[in-house]
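Student: sequence plus predicted model, see below.
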Amino acid sequence: MRPISFFFALTLIFNNSFSQTNNTAVTDWCNHPSREAFSKLKEIKGVSHWFKVYSVGENLIAITEPYNFEEVISYLIIGKNKALLFDTGMGLDSISSVIKQLTKLPVTVLNSHTHPDHIGGNYEFTNILAMKTNYTLLHAKEGWGHDAIKWEVTKDAFCMQELPGLDTSRYAIKPFHISRFVKDGDEIDLGGRKLQIISVPGHTPDAIALLDKTNGYLFTGDTFYEGPIYLFAEETDIEAYEKSIAKLAAMAPNVKTVFPAHNNPVCEPARLTELKINFDKLKQGSVKGEDKGQNTFLFKFSHFDYLIQKDQLEKLQKQ
Ligand SMILES: [Zn+2]
Ligand SMILES: [Zn+2]
């Protein structure tokens, strides 16, 4: 089940990133939101005390949550007639109240996938598009219960002392209502701006990327971000992931900027090529992974890492 894997991920993150005691760890992590990439971005101030909001492109706003270790990023993509919110974050604070300050246009929600850190605010919206997979349907119907995700809100998971009004002992992801199903290749017309859905299963069965052809923007969700990419959960399919990143790597020449769902919001298209090259290296066994215990290996590369389950790795190398 996911919770064990997720809890384990958290343990790994803290073990990886921090060398001393937990206190030192938290302090170090709290200083970390000053990621270099953010200093170059234009912040839209005064919108929220929880979310930090940045203008990151042509009518494109990144809504970040730098005070939780996930450092998740949702994107508001604004067209002439409509806006699309790609992910709704952790549900720790109201994202709809932020969105209302950023656009008066009708907002449609679409998720990069239905892991809990990306669908937390879905329940606040009425117009939600989704992939038709059992995985998606399950999380739309049930959300994520407290026990499955309580590790997201432990004391060490936060950089701020506390978020006013948040009762972490009741933290759960609420179910949401799907308005319409979408599939690979579908286009969403926002008026003067069309977004294409690209199915990229692997990290989860319902993972998608989103391409804004007009501007050359590619939104990759958790299929790519600059950090340890998680390929160890039960819902991860390594063979599907390999095919999906090959698809993204082939798109690199037509992409100007990559916008992932964690950590740095603005990445170079060269990362898409690296995604495949580095993955091929671990598949061929030409790089050595670090045994992180609990059946996982960490493969480190210069801009991002892969955290992969041993069984998945063996399956891959046998191909
Ligand atoms: Zn995920
Ligand atoms: Zn995520």
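Tutor: Perfect, I can see it now. Ligands and ions are numbered 1, 2, ... in the order given.
Student: and the nearest residue to residue 296 once chain neighbours are set aside, how close does it get to residue 299?
Tutor: The spatially closest residue to residue 296, leaving aside those adjacent along the chain, is residue 232, at 5.1 Å (Cβ to Cβ, 6 or more residues apart in numbering). Quick note: C-beta positions are derived from backbone N, CA and C, even for glycine. Distance from residue 232 to residue 299, counting by Cβ to Cβ, to the nearest Å: 12 Å.
Student: between the two, which contacts overlap?
Tutor: 307-308 (Cβ atoms under 8 Å, 6 or more residues apart in numbering).
Student: and the residue in the stretch 151-300 of the chain positioned nearest to ligand 2, its phi and psi?
Tutor: Of all residues in the stretch 151-300 of the chain, residue 222 sits closest to ligand 2, with a separation of 4.3 Å (Cβ to the ion). The phi and psi values for residue 222, taken as degrees, to the nearest 10, are phi -100, psi 10.
Student: so the closest residue to it other than its chain neighbours, which of the three states?
Tutor: The shortest distance from residue 222 to any non-neighbouring residue, by Cβ to Cβ, 6+ apart, is to residue 203 (4.8 Å). The three-state label given to residue 203 by DSSP: H, G, I helix; E, B strand; the rest coil is coil.
Student: make 6 the starting number, not 1.
Tutor: That works, and once the first residue is 6, the last one we named lands at residue 208.
Student: returning to that earlier point: the more surrounded of residue 237 and residue 304?
Tutor: Neighbours were tallied for residue 237 and for residue 304 using other Cβ atoms under 10 Å; the higher tally belongs to residue 237 (25 against 21).
Student: measure that one to ligand 1 for me?
Tutor: Going from residue 237 to ligand 1 by Cβ to the ion, to the nearest Å gives 11 Å.
Student: which pLDDT does the model give that residue?
Tutor: The predicted local confidence for residue 237 comes out at a pLDDT of 92.
Student: hmm, residue 314 and it touching each other?
Tutor: Yes - Residue 237 sits in contact with residue 314 when judged by Cβ atoms under 8 Å, with a separation of 3.9 Å.
Student: neighbours of residue 261, just the number please.
Tutor: The burial count assigned to residue 261 is 12, neighbours taken as other Cβ under 10 Å.
Student: now it: closest residue in space, sequence neighbours ignored.
Tutor: Nearest residue to residue 261, sequence neighbours excluded (Cβ to Cβ, 6+ apart): residue 221, at 3.3 Å.
Student: doesn't residue 259 make contact with the one you found?
Tutor: Yes - with contact defined as Cβ under 8 Å, residue 221 and residue 259 form a contacting pair (6.5 Å).
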